[in-house]
Structure formats: C-alpha cells, structure tokens
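A.B. asks: Test case, fold it:
(chains A, B, C and D)
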2 protein chains.
Amino acid sequence: MNFQSTKSFVDDLFFNCLKDDELQRICNSLREQEYDKGEHIVYQGDIVKHFSCIKEGLVKLYIVNEIGNDQIITILKPYNFIAILNVFFLHKCSYTFTALTPCVICHIDIDLIRSIIDENTDFSTELMKKFSKISNTTLVELMKFKRLQLRGRLAYVLLSFSQRIYHSLEFDLPVTRKEIAEFVGVSTENIIRTMSEFKKDKIIDFSTKRVKILDVKTLEQISFFG
Amino acid sequence: MNFQSTKSFVDDLFFNCLKDDELQRICNSLREQEYDKGEHIVYQGDIVKHFSCIKEGLVKLYIVNEIGNDQIITILKPYNFIAILNVFFLHKCSYTFTALTPCVICHIDIDLIRSIIDENTDFSTELMKKFSKISNTTLVELMKFKRLQLRGRLAYVLLSFSQRIYHSLEFDLPVTRKEIAEFVGVSTENIIRTMSEFKKDKIIDFSTKRVKILDVKTLEQISFFG
DNA sequence: CGCGGCTTTGATGTTCATCAAGTAAAGTGG
DNA sequence: CCACTTTACTTGATGAACATCAAAGCCGCG
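C.D. replies: You can find the predicted model right below:
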C-alpha cells in the first residue's frame, strides 16, 4: 500500500478533522501488523499499548467468562477500532479481540493520539462522539437481542452478516456454529436445528459455511418479533 | 442546601479537577429540580438539553422496546450522571430515565461544560475516563448477567441493592416485582416464585417491600454459578 | 369500603439445554 | 496424495427451565 492511500485511510478513520501536520505525524507513527486467523490481537487482562484499528479482515470481540466460556459481544470490520473504550483510561482490557479471518491491524502510538487530543478540540470532540456512538449502539443492540428468543436472535445475526458485514445476500460465514451459539447465547445444537428449520422453510439456504438468504422479509420479521 | 456544600458536591462530581473559576461558573449555572416518584426525567427520543446528575434519590435507566415492554438496564444512585452517553453528541436519547423514589436532579448548562472541556485538559481527560468506565462496567455487567439463569440473576440484583445501593443487609425494595422481572429479563411470576424459594431456603427473608439477606455467602454463590 | 394494581400460588405447555451417537470436513504426518 | 486424527456439523430423544394462563388474596388510596 502506498503512502497516499495510508494518508487517506487515516484521514477517514479520524473523521477528516486532522490538520495536515497531525495527519502526517500519525502516518509516520503508524505501524501495520498482520494477524493469522485465530490469533489474539488483544487478550483480556492485557494492558492496551496502542490505539489500534482494523484495516483488513474481521475480528470477534468477546469475553471469556468466569466459567471459561466465550461470550461474543460483536463482530468488528475494517475501520472499527480495537479496544477503544479501554485504550486511554483503563489499565487492563476487559475483552478479547481475535482475528476471524487474516487481518491487517494498524497500531498508532497512544501518546501521539493523546497529544493531538490536547491540541485539537475538533478531534477530541469527534473522538468523544465516536465513543458515545459505539457504547450506545452496542448497548441498544444488546438490549434488542435480549428480548428475542432463539429464532429471532439467529435471524438477527444472519441479517447482520448479510447487511452490515458483507453487503450481500450470499456469503461465507466467518464463524463456526459454535461461535454463532456463543454470540446468540444458546447451545450449538439449537443453532444448527434452527438453521435447518430456516432452510426447510425456504428462508435461507446453506451448506456448511456458505449461506444464501432467500427470503429477507421473513427473516427481518423473525428478527423483529421472534 | 447551602452554597458551600453545593460547591463541594460539584467538585466531587467532576473528579476534583476543576479550577476555582470553573467550579464557580458551574455552581452559578446549576439548577436543582425535584421529581416525584414515577416521573420521567428523560424520555427516550428526547433531545438531551442539560448535563444532569442525581443528587438525591434513585433512578431507573431502561429502554421501552419495539413491542412496548420496559427493559431495565441499571439503577442509578446519587452522583451518577443522567444520559451522559447521549449528552454531547447524539441528537436523541436512546433510553428513558424515571425516578424510582423522589429525586433531586442537578442540571448544568451543556455549553458551559463544553467550554470547560475545551479549556481544561484534565477535565476532558477525566470525563473521557468516566465515559469509558461507565460503558465498560455496563457492558461487563450485562454479559455477566447474560450467562446466568433466573436464580443467579435474581441473586445478583438483590446483592446489588444490598451492596451497591443501600450498603446494608436489610432494605426496602424501591422497585415492584414486575420491575425486578424487567431488570432480570424473565416473567414476574417466576421472580416471585424464586424469591419464595430463597425464603424457604432461608437465604433471604421478605414481606412485600422489606428484604433482609440472611445468607450472603450462599446468595453470592448463586449469583456466581446460578 | 370498594376499586385497581400488586403479589402470590398452581397447572400446563413451550422453549431450550443436555446427552448420545453418527456423519462430514479439515488438518496432519508419512 | 493418502490414511489418520481431530474438529466441526447434524439429528434425535429426554428432561429442566421458564412462559403463560387462571384465580385468589392483599394492600393502598380515594
């Protein structure tokens, strides 16, 4: 990737509100790192040392709970930040971030970001907006999820892959059935059973990883009322 | 309440990092408002016009979902902010805040807070820390909650009243059984049944509103493993 | 003192977890 | 590239957890 496109990536990432020299300093400090599928980017308890962002690939954000189970909170895609809520102010990260696909992650020096926050009011305002928006969205989605039962939640997850991640009715799942179960909060077997029901009802079609949504409207209804 | 104690309340509220004149300006701008039990402080969809904080009383933070049910997210107590995540940057508030008991709420002019953010780096840093901490805690608690079933969740709520809100093993519930159910995410009847079980097992004792925790350790175990 | 909302208990059915067992897919070493 | 091992996927049967419906007692308040 050439320098100009890095610049434009960073500019977009930071709300197009950076001054030229600030943009330049960030580009100079920026370090790209590749992660294999399954590799941890941040593990809960880690001290977050960089301001990081996904450039390529998908990342699962989850908590390993007290009894050792994974609970997936959301799936992150390019331009999403890694551990943004923990990056400045908490000693340890409460979540784990793991690559679902091969990833390229951009790491930026925290102190540099801090100093730009102090200098550039627009930047700090936009960053706080971003904070709020992320927290807000996550919380609202979680509550929406909470009131649904299995069918609704599964429909929701499938639609989110289709609409938020892949922008297509047909896609390859980047997660296992077990991971869908950890996302939805039910057993793996029941995810499979319900997917098979959807298939029987001609709402979706699938073969292992490949999924095709046949009837979006019904799926949306299920994700709303189910 | 006299002026000196208002000053000390505001100073504590804002992390003791305000300069004298900033503190003074906030105290001058501050307006106290009383709310009756059951009165809305902010309703979802409202545009948040003040930076607000609880001075006295308890407030329930909840979402009214698409099918008209309330889903309680958490219960707020004095020194907690109202709609802090929505106050600066989102046009409309995603949540509803309702007084559970008679309340005194302090309202501060948002523009004043904004201008102090621009002036005082310590203040903006502390405010962002606060943002992060609140989001983080809320999310971690919600995920902890998610993996538990009824008994565990109820135990968790009862302990949270005892330890976080009242600092006492005996207290009057500020919520109805229905509200506990909306918090826990199950039916009212099953909250009642499970409370009766706890009573039969001599873990708690209660009569309508009055609750006394008899066996904290068992309750903690249930809230952990249940 | 009667009305309405809150609380409580019981009976019944639905949803989902768990166990078991088998098949398909994917990774591994020769 | 194949045999082997492991992991992921799938289906069925059973029981536990929980929702829902129904009905009755309680309590505060006008």
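A.B. asks: Now for chain A, the helix or strand with the poorest mean pLDDT.
C.D. replies: Every helix and strand in chain A was compared by mean pLDDT, DSSP states H and E; the lowest is helix A:84-87, with a mean of 85.
A.B. asks: so when I look at A:Glu66, I'm seeing a strand, right?
C.D. replies: No: according to DSSP: H, G, I helix; E, B strand; the rest coil, A:Glu66 belongs to no strand; its state is coil.
A.B. asks: Go ahead and confirm A:Lys209 touches A:Val175.
C.D. replies: No: the pair A:Lys209 and A:Val175 does not pass the contact test of CB atoms under 8 Å, sitting 9.2 Å apart. No exception for glycine: its C-beta is placed from N, CA and C like everyone else's.
A.B. asks: higher neighbour count, those two?
C.D. replies: Between A:Lys209 and A:Val175, A:Val175 has the larger neighbour count (other CB atoms under 10 Å in any protein chain shown), namely 18 against 11.
A.B. asks: Relative to A:Asp70, how far out is that one?
C.D. replies: The spacing between A:Val175 and A:Asp70, counted by CB to CB, to the nearest Å, is 11 Å.
A.B. asks: what's the answer for A:Arg177, then?
C.D. replies: Distance from A:Arg177 to A:Asp70, by CB to CB: 13 Å.
A.B. asks: again with A:Lys92
C.D. replies: Distance from A:Lys92 to A:Asp70, by CB to CB: 18 Å.
A.B. asks: ok, the two, which is more surrounded?
C.D. replies: A:Asp70 (16 against 10).
A.B. asks: which ones are touching that one?
C.D. replies: By CB atoms under 8 Å, 6 or more residues apart in numbering or on different chains, the residues touching A:Asp70 are A:Tyr62, A:Ile63, A:Val64, A:Thr96, A:Glu179, A:Glu182.
A.B. asks: and those, which are buried?
C.D. replies: Those of the contacts of A:Asp70 that meet the buried threshold are A:Tyr62, A:Ile63, A:Thr96, A:Glu179, A:Glu182, by 16 or more other CB atoms under 10 Å in any protein chain shown.
A.B. asks: isn't the second one right up against B:Leu142?
C.D. replies: No: taking contacts as CB under 8 Å, A:Ile63 lies outside contact range of B:Leu142: 10.1 Å.
A.B. asks: re earlier: tell me, which of the buried ones among the contacts of A:Asp70 make contact with DNA strand D?
C.D. replies: When contact is defined as CB under 7 Å from any atom of the strand, the buried ones among the contacts of A:Asp70 do not meet DNA strand D at all.
A.B. asks: what comes up buried for stretch A:45-53?
C.D. replies: So for stretch A:45-53, counting by 16+ other CB under 10 Å, buried means A:Asp46, A:Val48, A:His50, A:Phe51, A:Ser52, A:Cys53.
A.B. asks: Sheet partners, orientation included, of the helix or strand hosting A:Thr74?
C.D. replies: Using DSSP states H and E, A:Thr74 falls within strand A:70-76. When pairing is defined by DSSP bridges, strand A:70-76 lines up against strand A:59-64 (antiparallel).
A.B. asks: re earlier: for the buried ones among the contacts of A:Asp70, which one is nearest A:Asn28?
C.D. replies: Nearest to A:Asn28, judged by CB to CB, of these is A:Thr96 at 30.0 Å.
A.B. asks: check contacts around the residue most central in space within chain A.
C.D. replies: In chain A, the centroid-proximal residue (CA atoms, centre = their mean) is A:Leu76; its distance is 1.3 Å. By CB under 8 Å, 6+ apart, A:Leu76 lies in contact with A:Ile54, A:Leu58, A:Val59, A:Lys60, A:Leu61, A:Ile82, A:Phe97.
A.B. asks: My guess is the fourth one contacts A:Tyr95. True?
C.D. replies: Going back to what we said before, that points to A:Lys60. No: judged on CB under 8 Å, A:Lys60 makes no contact with A:Tyr95 at a distance of 9.9 Å.
A.B. asks: of the two, who's got more company?
C.D. replies: Shown here are A:Lys60 and A:Tyr95; by other CB under 10 Å, A:Tyr95 has more neighbours (25 against 22).
A.B. asks: The nearest residue to A:Ile113 once chain neighbours are set aside in helix, strand or coil?
C.D. replies: Spatial nearest neighbour of A:Ile113, chain neighbours left out: A:Phe51 (4.7 Å); criterion: CB to CB, 6 or more residues apart in numbering or on different chains. Three-state call for A:Phe51 (three-state DSSP): strand.
A.B. asks: what does chain A put close to chain B?
C.D. replies: Residues of chain A found near chain B (CB under 8 Å from any CB of the partner chain) are A:63, A:65-67, A:69, A:71, A:73, A:85-86, A:88-90, A:94, A:117-118, A:121, A:124-125, A:127-129, A:131-136, A:138-140, A:142-144, A:146-147, A:185, A:224-225.
A.B. asks: and those, which are buried?
C.D. replies: Burial by neighbour count, 16+ other CB under 10 Å: within the residues of chain A next to chain B this picks out A:63, A:71, A:73, A:85-86, A:88-90, A:94, A:117, A:124-125, A:127-128, A:131-132, A:134-136, A:138-140, A:142-144, A:146.
A.B. asks: Just the ones in strands from those residues, please.
C.D. replies: The members of these that map onto strands under DSSP state E are A:Ile63, A:Gln71, A:Ile73.
A.B. asks: can you put those residues in TSV and add pLDDT?
C.D. replies: Below are these laid out as TSV (pLDDT from 0 to 100):
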residue	pLDDT
A:Ile63	96
A:Gln71	97
A:Ile73	97
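A.B. asks: so which of those residues comes closest to A:Arg193?
C.D. replies: Of all these, the one with the least separation from A:Arg193 (CB to CB) is A:Gln71, at 20.8 Å.
A.B. asks: quick one, what contacts the closest one?
C.D. replies: A:Tyr62, A:Ile63, A:Val64, A:Asn65, A:Glu182, A:Gly185, B:Met143, B:Lys146, B:Arg147.
A.B. asks: residues touching the third one, list them.
C.D. replies: The reference is to A:Val64. Each residue near A:Val64 by CB under 8 Å, 6+ apart is listed here: A:Gln44, A:Asp70, A:Gln71, A:Thr96.
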